[in-house]
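Undergrad: need a structure here:
(chains A and B)
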Amino acid sequence: MFPDDLGGRQPHELIHYVEILIFIAASDGTLVREEIAAIESMMGRAMIHPETRVELRGGFTQPVPIEQSLANIDEQLARIALRDSAFVAAIDGAYDSAEIGALKMIAEVANVNDAQLSQLLDWVGDGWNWFKKYKSFLN
Amino acid sequence: MLPDTVHKLPREERFAYAKLLAFMARIDNELTVDEMAMFEQRLGTALLSPNQRDLIREALRHPPTLEECLQDLHGQAGRLALRDAVMMAAADGTVDEDERDALEDISEHLGLKEDAVDQLLAWTVEGYKWMKRGYQILDNLEE
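TA: The predicted structure is shown next:
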């Protein structure tokens, strides 16, 4: 939602970052419009080249295995991917077992334990609560 | 990033929404990286067609007037555009006079309460604090 530190990352790193987000979104078997909008939003925020975005959208139908993407990112980027994956996973309402399993795989690369992952998921929930407050000013 | 409703708007309204953000991005004739990233993020959320994206990027190079933007902007699309215009205006850390005037004009056009912009700015500040907490969590995840 707000400016991020992805701007300093190399194009190939950003591709792996988005591959992870797409894998998470598709991990429960279906990609809903809300998840696609979130991924498009994150690709925009990362200022990924429009042609690269076209290639990445191929992952909507055939996601890159997460192990492959995780093998090519460092711990710090894995943390950002973990944070943003938590957003994507939450969009359809709840974290299912496939999403939790994938989040734990990212957490391992990010050197994040279960308690810390739980803290991150709570923070995502706080963000949802903050975000929806705008409706009271505008409706 | 967070669950939003912009993608649910009719296609023409999403375009009008994005056009207003292009106007806001160029209002001070400067476009910082943070503003550009925010603009691209919102453009992504709007799920515009490739042709519409091209038109909006052109609008970024040759910004429309506020009056042109407001002609097509009403109802829910207008309210979401105002919300995101506030966030874009605050993306570089300050909301200058030109930005503030434009936000008030948009709010008036939409018939919102007099303090709507103030409330949105306070909400945005709250959001920045929440995001900062997220950075702190990430920075403190060392085992």
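
Undergrad: helices and strands around the helix or strand hosting residue B:54, which ones?
TA: Element membership for residue B:54 (DSSP states H and E) is helix B:50-61. Applying 3 or more CB pairs under 8 Å, 6 or more residues apart in numbering or on different chains; DSSP states H and E, one finds that helix B:50-61 contacts helix B:11-25, helix B:33-45. Heads up, the C-betas are built off the backbone N, CA and C, glycines and all.

Undergrad: repeat that for 6 Å
TA: On a contact count with 3 or more CB pairs under 6 Å, 6 or more residues apart in numbering or on different chains; DSSP states H and E, helix B:50-61 meets helix B:11-25.

Undergrad: can you pull the contacts of residue B:120?
TA: A:137, B:86 (CB atoms under 6 Å, 6 or more residues apart in numbering or on different chains).

Undergrad: next one, pLDDT for it please.
TA: Here the pLDDT value assigned to residue B:120 is 95.

Undergrad: and if you look at residue A:4?
TA: pLDDT for residue A:4: 65.

Undergrad: how about residue A:32, what does it touch?
TA: residue A:92.

Undergrad: let's see 8 Å
TA: Residue A:32 is in contact with A:91-92, counting by CB atoms under 8 Å, 6 or more residues apart in numbering or on different chains.

Undergrad: just the helices in chain A please.
TA: A:11-26, A:33-45, A:50-57, A:66-70, A:75-90, A:97-109, A:114-131, A:134-138 (DSSP state H).

Undergrad: now do the end-to-end distance for stretch B:87-101.
TA: Taking CA to CA, to the nearest Å, stretch B:87-101 runs 15 Å from one end to the other.

Undergrad: which other residues reach the helix holding residue B:54?
TA: So helix B:50-61 is in contact with A:50, B:11, B:14-15, B:18-19, B:22-23, B:25-26, B:31, B:39, B:43, B:48, going by CB under 8 Å, 6+ apart.

Undergrad: returning to that earlier point: adding distance to chain B and mean pLDDT, write the helices of chain A out as a markdown table.
TA: Rendered in a markdown table, the data for these read as follows (distance: least, CB to the nearest CB, whole Å; pLDDT from 0 to 100):
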| stretch | distance to chain B | mean pLDDT |
| --- | --- | --- |
| helix A:11-26 | 11 | 95 |
| helix A:33-45 | 3 | 92 |
| helix A:50-57 | 7 | 94 |
| helix A:66-70 | 16 | 97 |
| helix A:75-90 | 5 | 93 |
| helix A:97-109 | 9 | 95 |
| helix A:114-131 | 4 | 92 |
| helix A:134-138 | 4 | 83 |
